[in-house]
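Trainee: Here's my sequence, what's the structure:
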Amino acid sequence: MSSFQGKHILITGGAGGIGLLMAQHIHSLDPAAITLWDVNEKALQQAGDQFHDASRLTTQCVDIANADQIYTQAEAVLESIGPVDI
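Mentor: Numbering: from 1, shown residues only. As a prediction, this is how the structure comes out:
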């Protein structure tokens, strides 16, 4: 069993680079859900389109330099998906 199996994973900077590579790898390890945060909304859409099974994937445009956005989006994630494990 993978340590990611059944977990809710949140990845910041998930629209590209290492964040996207991590999301793609973790997606193959059967997590319950993956949430990608990135400041670039267009890149998030393109990243989401790369997943063949996007039913467990959520993307949100979040500027992690803005504390208000972090708290607002974290609350939205908690209400819609549940607590983040990793």
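Trainee: going forward, measure contacts and count neighbours with C-alpha atoms only.
Mentor: Fine.
Trainee: Show me where this structure has its strands.
Mentor: 8-12, 33-38, 57-61 (DSSP state E).
Trainee: what angle sits between the second one and strand 8-12?
Mentor: Just to be clear, that refers to strand 33-38. Taking axes from the mean of the first three to the mean of the last three CA atoms, to 10 degrees, one finds strand 33-38 and strand 8-12 inclined to each other by 10 degrees.
Trainee: Can you list the buried residues in stretch 64-83?
Mentor: For stretch 64-83, a neighbour-count test (16 or more other CA atoms under 10 Å) marks 73-74, 77, 81 as buried.
Trainee: ok, residue 4 to residue 13 distance?
Mentor: In this structure, residue 4 and residue 13 are 19 Å apart, going by CA to CA, to the nearest Å.
Trainee: Cross the buried residues of stretch 64-83 against helices and list the overlap.
Mentor: Using DSSP state H, the subset of the buried residues of stretch 64-83 located in helices is 73-74, 77.
Trainee: before we move on, back to that, of the strands of the chain, which stretch is the most buried?
Mentor: Across the strands of the chain, averaging neighbours per residue (mean count of other CA atoms under 10 Å) puts strand 33-38 on top, at a mean of 23.
Trainee: so which of the strands of the chain gets nearest residue 85?
Mentor: Between residue 85 and those, the tightest spacing by CA to CA is seen for strand 8-12, at 5.2 Å.
Trainee: in the chain, what spans have low per-residue confidence?
Mentor: Within the chain, the segments meeting pLDDT under 70 span 1.
Trainee: Just give the closest residue to residue 19, not the sequence neighbours.
Mentor: Spatial nearest neighbour of residue 19, excluding adjacent residues (CA to CA, 6 or more residues apart in numbering): residue 13 at 5.3 Å.
Trainee: you'd agree that neighbour is up against residue 38?
Mentor: Yes. Contact between residue 13 and residue 38 holds when scored by CA atoms under 8 Å: they sit 4.7 Å apart.
Trainee: hmm, back to that, can the ones in helices among the buried residues of stretch 64-83 go into TSV with extra columns for distance to residue 26?
Mentor: Listed next are these as TSV, based on distance: CA to CA, whole Å:
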residue	distance to residue 26
73	22
74	20
77	19
